[in-house]
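# how would this look folded up:
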Amino acid sequence: MDKRQIITILLVALLVALVLPRFFGGDAEPPAPPAGPATPPIASRPLVLEGRALPRAAEPEPVTLGSLTPVPEKAEALAALDRPAYSLQVQLTPRGAAIQSAKLAGIYDTVEHDRVKDKTPEQLQAWSYELLEPVGGGQTEFVYPMSTRQIRVEGVGEYRIDYSRSGVAWRPGPVETLPDGSQRVAFTLRLILTPPEAPEQPLLELVKTYTLTPVTPQRPHSNLRVSLQIHNLTGEELAVALEQFGPTGLDREDLRNDGRAVLQAVYDPEGRKVELASKREGVIENLKLGNVAPGTENLLGSNLAERPTVWVGMTNKFFAALMYPVSPALDEGELPLKGTALANLIVPTAPATAPATAPAAEPLAPYAYQALSRAIAGEAGQLTQLVVLRTDPIAIPASDSRSVAYDLYLGPKDRGLFAADPLYAALNYTESIRFGSFCTFGWLALGVMWIIETGGELIGNYGVIIILLVLLIRLVLHPVTKKSQISMMKLGKLGPEMEKIRAKFKDDKEAQNRAMMEFMKGQGASPFLGCLPMLIQMPIWVALWSGLQASAALRHEGLLPVWITDLAAPDALIAWGTPEINLPLIGSFTGPIVGFNLLPILLAVFMFLQQKLMPMSASAATADPDQKRQQKIMQIFMTVFMLLIFYNAPSGLTLYIMASTGGGVLESYVIRKHIKEREALEAATETRVSVPGKSPRAARTKKPKGPNWFKHG
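The predicted structure follows:
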């Protein structure tokens, strides 16, 4: 056969092989498709959150936990209640499953609100002290307390929720009441993968649960637990990192300074204790727009490996919002603190240099975190701060889940309350009570405030206790004061002799001072004794000043029904609120003037009288005429200066110093009168007796010795 026939036979055979099976082999398997994935891989698909976007103007209906009904103070009355009692009310918004408002039960905005009996539910809502609220707005970001800000899935992408324009609504579940009286609600949100090239596929489900515990005799304050459970809905292991905002929105409580601060407590492994970090480790306070730009972040903790962060939070003058990342070493229910090592309360802190894909920390917890403070400008142009926690990536196996939890304390800075709660005591929340003055002895400030708080509870009037404290201290210092007055009166009588010493050593100041000191010492007088009573009282003044900046017990506690009604604030005999009056040049001393304060004016008057009634101070006795004129000018200046310093000071402190100054004037007058009467009595009863004959040789007047003295022998 030739080549043409061979090619024809091959073509016919190929045609038979391809066509005949279609007629006689209809049940044959079709050819296999090309190999390849049925759906695109997870890492190649975009992320969205399942939920509807909410414009900021349309606020969803909040979910409420707790109550604003005041909690009975006595344990018997608390036990007799037929309902759970709560020390705060928390309103939660589906926008970010965050806190929209947190108000304290039984604590009110003003003294007038506090005094109203049998408040209606509407009044409780309007007047109760709001501790947390959203911050920001305008041209800056808008942040809700405890909002989950960012969700990042390693190798997939991240979703960042911007509440300035819109927020995704989480689905709230029903509010449950547990057998122990706790109230609980859960919010759910899904993160899904979207087309193209494949159908939607669920990736993660987030369940954020808020649990509010009731007040009991064992735990005198409601505890808010926030847990966030992350469910992996895929067949692959995922690594998920979160950015979680902490408590925000605390108001300032002082006219003259901000007083708000972001605090960080660290664990000292050597001392085995939790203590407040120093400023160099990241405690941020009193931010000003001129010093810090909005958006600035500060890492809390510069030495995290040796001193891991235990809790962070925000405080103002009287209240605290403290956030503790709960270690998985503790149960979700009652905390087994007895026999639990303090180190087991700590979630590892991520190093500042940790890479974004760092593995999960083991073995104490399935994650580690960084704590930060972020500055943000509000609608009024004032700078506030945010607490931010960023977790390291949390490894979640396929079809498994992991959770993080945060314990929140929202309430007054109360030492007794912190000591009564086992968790708060273990975390040493007492460290949040900070004293503003750098020269304060903490133990002395706590002691002074304990005396005032305990005495005030016993007699029901804290102002009277302050006056009694003045009398007690005056009584204890009376021997020192009396000795000081005697020394000052001696100095007044030694004036002529001191003038002679001054004239003798007028060209040698060093010799002059030395001769005066030796002369006064020989006469039993000292220029330092006059200042001793005031020097002894100065630490008490500073301790009281510092204590009044932190003692929530004295807030809205007064002396009289119509005046000095709040010992922790200026007395404000006449208050006008707005407009504020800011004095030029000296406004930094007084702060804004929003009322007429009588108490600091009375204090200045008493100080002026004290200076006038003192006939001779220790320094004035040794001063020349020019120095005396300068001292008079200084006395007037100090009177005016004290008026400015104490004009907006807490009325409890001003009351103490005024009562002490007035008591000092009265005490000085009595002591001096007694000394003069005794001297007059001694002079009147002194008797001179003349004896006949020659007087003793030692008492005779010696004759002058001249050149011929021997002739008169």
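
# which residues in the stretch 251-400 of the chain form strands?
In the stretch 251-400 of the chain, the strands defined using DSSP state E, counting those that start in this stretch lie at 261-268, 273-276, 284-285, 297-299, 309-315, 319-325, 369-377, 383-391, 394-396.

# For Pro247, find the nearest of those.
strand 319-325 (3.4 Å; CB to CB). C-betas here are computed from N, CA, C, even on glycine.

# Can you tell me which helices and strands that closest one packs against?
strand 128-132, strand 309-315, strand 383-391, strand 401-412 (3 or more CB pairs under 8 Å, 6 or more residues apart in numbering; DSSP states H and E).

# Tell me the strands beside the last one, with direction?
Using DSSP bridges, the neighbouring strands of strand 401-412 in the sheet come out as strand 224-232 (antiparallel), strand 319-325 (antiparallel).

# among those strands, which is the most enclosed?
strand 319-325 (a mean of 25; mean count of other CB atoms under 10 Å).

# the inter-axis angle of that one versus strand 383-391?
On the basis of axes from the mean of the first three to the mean of the last three CA atoms, to 10 degrees, strand 319-325 is oriented at 20 degrees to strand 383-391.

# Low-confidence ranges, the stretch 401-550 of the chain, go.
436-440, 490-495, 523-530 (pLDDT under 70).

# if you set the cut-off to 80 instead, what comes out?
For the stretch 401-550 of the chain, the stretches flagged by pLDDT under 80 are 434-443, 482-509, 511-514, 516-537, 541, 544-550.

# and what of the stretch 251-400 of the chain?
By pLDDT under 80, the weakly predicted segments of the stretch 251-400 of the chain are 254-259, 271, 278-307, 328-345, 350-367, 377-384.

# same thing but 70
Residues of the stretch 251-400 of the chain that meet the cut-off, pLDDT under 70, sit at 258, 278-295, 301-305, 330-341, 351-366, 378-382.

# Quick one: neighbours of Thr481, just the number.
21 (other CB atoms under 10 Å).

# related to what we said a few turns ago, closest one to Ile161 among the strands of the stretch 251-400 of the chain?
strand 383-391 (13.8 Å).

# Would you give the sheet partners of the closest one, along with the direction of each?
By DSSP bridges, strand 383-391 pairs with strand 238-245 (antiparallel), strand 369-377 (antiparallel).

# I'd like those strands written out as a markdown table, with mean neighbour count and distance to Gln631 added.
Formatted as a markdown table, these follow (neighbours: other CB atoms under 10 Å; distance: least, CB to CB, whole Å):
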| stretch | mean neighbour count | distance to Gln631 |
| --- | --- | --- |
| strand 238-245 | 21 | 57 |
| strand 369-377 | 22 | 47 |
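
# Including distance to Ala102, could these go into a markdown table?
Shown next, in a markdown table, are the strands paired with strand 383-391 (distance: least, CB to CB, whole Å):
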| stretch | distance to Ala102 |
| --- | --- |
| strand 238-245 | 14 |
| strand 369-377 | 19 |
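
# hang on, the earlier thing: now distance to Gln635 too, for the strands of the stretch 251-400 of the chain, in a markdown table please.
A markdown table is the format used below for the strands of the stretch 251-400 of the chain (distance: least, CB to CB, whole Å):
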| stretch | distance to Gln635 |
| --- | --- |
| strand 261-268 | 38 |
| strand 273-276 | 41 |
| strand 284-285 | 36 |
| strand 297-299 | 46 |
| strand 309-315 | 39 |
| strand 319-325 | 41 |
| strand 369-377 | 45 |
| strand 383-391 | 41 |
| strand 394-396 | 68 |
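
# out of the helices and strands packed on strand 319-325, deepest packed?
strand 309-315 (a mean of 26).

# So what are the sheet partners of that strand and their directions?
strand 261-268 (antiparallel), strand 319-325 (antiparallel).

# list the buried ones in the longest one?
Buried residues in strand 261-268, counted by 16 or more other CB atoms under 10 Å: 261-267.

# could the strands paired with strand 309-315 go into a markdown table alongside distance to Ile107?
Formatted as a markdown table, the strands paired with strand 309-315 follow (distance: least, CB to CB, whole Å):
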| stretch | distance to Ile107 |
| --- | --- |
| strand 261-268 | 20 |
| strand 319-325 | 8 |
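
# and of the strands paired with strand 401-412, who's closest to Cys531?
Using CB to CB, the nearest of the strands paired with strand 401-412 to Cys531 is strand 319-325, at 39.0 Å.

# How far away from the center of its chain is that closest one?
Its chain's C-alpha centre and that of strand 319-325 lie 10 Å apart, by CA atoms, centre = their mean, to the nearest Å.

# ok, now stretch 248-260?
On CA atoms, centre = their mean, the centre of stretch 248-260 falls 10 Å from that of its chain.

# Can you give the contact residues for that stretch?
130-135, 143-145, 285-287, 314-319, 321, 384-387, 436, 549, 570, 590-592, 594, 648 (CB atoms under 8 Å, 6 or more residues apart in numbering).

# Then stretch 409-421?
87-88, 90, 102, 104, 107, 131-132, 218-221, 223-224, 247, 313, 315, 318-322, 324, 424-425, 429-430, 432-433, 446, 550, 552-553, 555.

# Which of the helices or strands spans Pro479?
Using DSSP states H and E, Pro479 sits within helix 478-493.

# who does that helix touch, helix- and strand-wise?
Against helix 478-493 (3+ CB pairs under 8 Å, 6+ apart) you get helix 532-548, helix 651-685.

# Shouldn't Pro72 be within a strand?
No - secondary structure of Pro72 (DSSP: H, G, I helix; E, B strand; the rest coil): coil, not part of a strand.

# That one and Ser87 touch, don't they?
No - the criterion here is CB atoms under 8 Å, and Pro72 misses it with Ser87 at 11.3 Å.

# re the thing from before, could the helices and strands packed on strand 319-325 go into CSV alongside distance to Pro600?
As requested, the helices and strands packed on strand 319-325 are exported to CSV (distance: least, CB to CB, whole Å):
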stretch, distance to Pro600
strand 128-132, 27
strand 309-315, 27
strand 383-391, 30
strand 401-412, 27
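
# Asp566 is nearest to which of the ones you listed?
Nearest to Asp566, of those and by CB to CB, is strand 128-132 at 13.7 Å.

# Contacts for that closest one, please.
Contact with strand 128-132 is made by 68, 88-89, 99, 101-105, 107-109, 145, 247-251, 319, 321, 410-411, as judged by CB under 8 Å, 6+ apart.

# and the contacts of stretch 409-421, which are buried?
87-88, 90, 102, 104, 107, 131-132, 219-221, 223-224, 247, 313, 315, 318-322, 324, 424, 429-430, 432-433, 446, 550, 552-553, 555.

# who wins for proximity to Glu176 among the strands paired with strand 309-315?
Ranking those by distance to Glu176, with CB to CB as the measure, places strand 319-325 first at 23.5 Å.

# Could you name the stretch from the strands of the stretch 251-400 of the chain that's closest to Thr213?
The nearest among the strands of the stretch 251-400 of the chain, by CB to CB, is strand 319-325 at 14.4 Å.
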